[in-house]
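> heads up, no residue letters with this:
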């Protein structure tokens, strides 16, 4: 059986287990197929496959009971039920789970996505759910699921435990209670950590890295600072104060709705862009998408024109340079000129004679 077939079988088995746990009477193979169709798990499946899946449950320690009963046509047919009493090897009595088994098993597979949250109270909740999954499933079934986790690969895999628990606890407390937070932060251009006062709104997970989305406490009364993102790797300390602040009406998610990344400018406003993407990268630009709120116009030559209502220059320019000659900025004109000047400098760099000490091609 190939990898896809094994995953489909595991999904069926998880649904069969739930159906049997919730059933008030023993079920025939036909009954089980009917329930699976209602759940959208199968369109058509042989009786032999269902019996094989039931045998799988028995093999992995579930107390499946088989009995013979009249099928309504005078013929005795096999019916199946889960024994509600203690199972083999002291397995506790089965009862319908508060959360479905496929959801819990999927959580064990998706755990690698969530490792950047290690140390937060979100991670503690995830660990508790995983513990419940182990109580609901037999050890043999959990081992089977673990053996097939290679079907989903997270790359690069985020490291676990990179953030200090006390630091995360202080940030979480500040966010939950709307308390100003005094932090020691070393920005990219700072030679040493600087003490800052911020009003944190949320933790933001972006590209496997955690940031604190916060509004710096303003130093002047005329202008309120905009939303900033403080990278947790650069925080050396955090102290929760007793000063409260009113949460913003606009959520951090809404603030990011016009952004490719988490970039924000405190001096320039976002503006409209029109971009032509060459045919060889058009599908990628639409599937990714290049910008979350892009409008796409397809051209006869296979290229596309992306119209973006709001975008930040310092966020867009690096993305556009990465696409090299597969993209052309149509508007704004000054960004078009800026990219052309950058391209000329890059070309000049490669037209130079090799630097002293560099290896020459044979």
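Here it is on my side, so go on. Quick caveat: nothing in here was measured; it's all calculated off a predicted structure. Numbering: from 1, shown residues only.

> Sketch out the low-pLDDT regions of the stretch 1-150 of the chain for me.
Low-confidence segments of the stretch 1-150 of the chain, defined by pLDDT under 70: 1-8, 10, 41-44, 70-74, 84-106, 108-110, 112, 119, 121, 132-150.

> what are the ranges of the strands in it?
Using DSSP state E, counting those that start in this stretch, the strands of the stretch 1-150 of the chain run over residues 27-28, 64-70, 76-82.

> Of all those, which one comes closest to residue 117?
Relative to residue 117, the nearest member of these by Cβ to Cβ is strand 76-82, separated by 35.1 Å. To be clear about C-beta, it is placed using only N, CA and C from the backbone, and glycine gets the same treatment.

> Tell me which residues of the closest one come out buried.
In terms of neighbour count (16 or more other Cβ atoms under 10 Å), strand 76-82 has its buried residues at 79-82.

> can you redo these as TSV with distance to residue 196?
Converted to TSV, the buried residues of strand 76-82 look like this (distance: Cβ to Cβ, whole Å):
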residue	distance to residue 196
79	68
80	64
81	63
82	58
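
> Of those residues, which is the nearest to residue 107?
Out of these, the member with the shortest distance to residue 107 (by Cβ to Cβ) is residue 82, at 22.7 Å.

> Identify the residues contacting that closest one.
Neighbour list for residue 82: 17, 20-21, 23, 62-65, 94 [criterion: Cβ atoms under 8 Å, 6 or more residues apart in numbering].

> I only care about those that end up buried; give me the ChimeraX line for that.
Applying 16+ other Cβ under 10 Å to the contacts of residue 82, the buried members can be selected in ChimeraX as follows:
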select :17,20,21,23,62,63,64,94
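
> Among the contacts of residue 82, name the ones in helices.
Applying DSSP state H to the contacts of residue 82, the entries found in helices are 17, 20-21.

> Residue 192 and residue 184 touch, don't they?
No: Residue 192 lies out of contact with residue 184 (Cβ atoms under 8 Å); the separation is 9.5 Å.

> So for those two, which sits in the more crowded spot?
When neighbours are counted by other Cβ atoms under 10 Å, residue 192 and residue 184 differ, and residue 184 comes out ahead with 15 against 7.

> ok, and for the strand ranked longest in the chain, which residues are buried?
Ranked by residue count and defined by DSSP state E, the top strand of the chain is strand 194-206. Neighbour-count burial for strand 194-206 flags 196-204 (criterion: 16+ other Cβ under 10 Å).

> before we move on, the earlier item: could I get the ones in helices among the contacts of residue 82 in CSV, plus columns for distance to residue 339?
Formatted as CSV, these follow (distance: Cβ to Cβ, whole Å):
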residue, distance to residue 339
17, 57
20, 62
21, 61
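
> Sketch out the low-pLDDT regions of the stretch 151-300 of the chain for me.
The model of the stretch 151-300 of the chain has pLDDT under 70 over residues 151-152, 157-161, 219-225, 266.

> What number of residues are in the vicinity of residue 155?
Residue 155 sits with 5 neighbouring residues when counted by other Cβ under 10 Å.

> hmm, I was thinking of residue 325
For residue 325, the neighbour count with other Cβ under 10 Å is 7.

> Likewise for residue 273?
When neighbours are counted by other Cβ under 10 Å, residue 273 comes out with 23.

> thinking it is in contact with residue 331, fair?
Yes: counting by Cβ under 8 Å, residue 273 does reach residue 331; the two are 6.4 Å apart.

> quick one: the helices in the stretch 51-200 of the chain?
Taking DSSP state H, counting those that start in this stretch as the test, the helices found in the stretch 51-200 of the chain are 101-109, 121-136, 139-147, 165-177.

> Show me what counts as buried in stretch 26-43.
For stretch 26-43, by 16+ other Cβ under 10 Å, it's 26-29, 31-33, 35-36, 41-42.

> Closest one to residue 113 out of those, please.
Using Cβ to Cβ, the shortest approach to residue 113 within those belongs to residue 41, at 24.3 Å.

> any idea which of the buried residues of strand 194-206 is closest to residue 248?
Nearest to residue 248 among these, with distances taken as Cβ to Cβ, is residue 201, at 6.2 Å.

> For that closest one, give me its contacts.
175, 213-215, 227, 247-248, 251-252.

> now swap in residue 308 and tell me
272-275, 291, 293-295.

> swap in residue 197?
Contacts of residue 197 (Cβ under 8 Å, 6+ apart): 180-183, 216-217, 241.

> Which residues does it form beta bridges with?
For residue 197, the beta-bridge assignment (DSSP bridges) gives partners residue 182.

> still on that earlier bit, residue 300: which of the strands of the stretch 1-150 of the chain is closest?
strand 27-28 (57.7 Å).

> Could you list every helix and strand in contact with that closest one?
For strand 27-28, the elements it packs on are strand 76-82, judged by 3 or more Cβ pairs under 8 Å, 6 or more residues apart in numbering; DSSP states H and E.

> Show me the beta-bridge partners of residue 237.
residue 184.

> For it, grab the count of nearby residues.
Neighbours around residue 237, by other Cβ under 10 Å: 14.

> who touches it in this structure?
For residue 237, counting by Cβ under 8 Å, 6+ apart, the contacting residues are 167, 183-184, 193.
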